[in-house]
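Novice: Okay, here's the prediction I keep looking at, along with the sequence it came from:
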Amino acid sequence: MFKAELYDFQNEHEEELLKKSADHEEIVLYAPTGSGKTVLTCKFIDDYLDENPNTVFFWLCPGAGGLEKQSQESFSDMTEGIPFGDVYTFINDYEPKGKVFFINWDKINRNSNIVLREGERRNLMGKVLECHNSKIEIFMIIDEEHRYRDTANEYIANIQPKHVLRISATPITQGNHTQIIKEDEVIISRFNRFRNINQ
């Protein structure tokens, strides 16, 4: 169940993303800073799992400054009934379908000093193989894709997800479909909500 309220433009783009994900393997969400990418993505996951419960989501997100935890907390605040965890939770989960796992970019980037150890990396890929063998579909969300494209492409090649959603205010990758949120949509929606509240 989704608990947050979206702006009209967010609802429209979220519905469009759901439609496009049925036809396209890789989607890019091009959205300016402050447009509510996180809340829109949370709603997308909630609705997608309603229709595709045999799916596991990997949400690859920045870890610096506690952003991974912030993403998890936001997801927890906005949704209800969808279990979530981190990369280690996924590795040890016997039934990962219908769940969301937040993966800190720094944990899987070989240039990071907090990278997964080789054994943990093997365990991660072993668990991914279990998902494929069990016909559990993997959906990868690539947050801040412009900063982590090379690592993202490496993991997409290795994990072979059914779908990828790349999110950025300044995307550098072309997917099968690009969903663009324009800055004026954000401004107009906020103005209209403010005006309605004060009438």
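Specialist: Happy to help now that I have it.
Novice: Contact partners for the closest residue to residue 51 other than its chain neighbours?
Specialist: Sequence neighbours aside, residue 18 is the residue nearest to residue 51 in space, at 7.9 Å (criterion: Cβ to Cβ, 6 or more residues apart in numbering). C-beta here means a position set from N, CA and C on the backbone, and glycine is covered the same way. Listed by Cβ atoms under 8 Å, 6 or more residues apart in numbering, the contact set of residue 18 reads 44, 47, 48, 51.
Novice: May I ask you to confirm that residue 18 belongs to a strand?
Specialist: No: per DSSP: H, G, I helix; E, B strand; the rest coil, residue 18 lies outside any strand segment and is helix.
Novice: so what pLDDT did it get?
Specialist: Reported pLDDT at residue 18 in the predicted model: 94.
Novice: where do the helices sit along the protein?
Specialist: With DSSP state H as the criterion, the chain has helices at 8-23, 37-51, 67-78, 87-91, 105-108, 118-133, 149-159, 183-197.
Novice: Tell me which of these sits nearest to residue 139.
Specialist: helix 37-51 (7.1 Å; Cβ to Cβ).
Novice: tally of neighbours for residue 136?
Specialist: Each residue near residue 136 was counted by other Cβ atoms under 10 Å, and the total is 17.
Novice: is it true that it touches residue 97?
Specialist: Yes: if you go by Cβ atoms under 8 Å, residue 136 and residue 97 touch, sitting 4.7 Å apart.
Novice: list residues touching both of those two?
Specialist: Taking Cβ under 8 Å, 6+ apart as the criterion, residue 136 and residue 97 both touch 54, 55, 56.
Novice: For residue 114, see how far away the residue lying closest to residue 112 once chain neighbours are set aside is.
Specialist: In space, and not counting its chain neighbours, residue 112 is closest to residue 106: 4.2 Å by Cβ to Cβ, 6+ apart. Between residue 106 and residue 114 the distance is 5 Å, computed by Cβ to Cβ, to the nearest Å.
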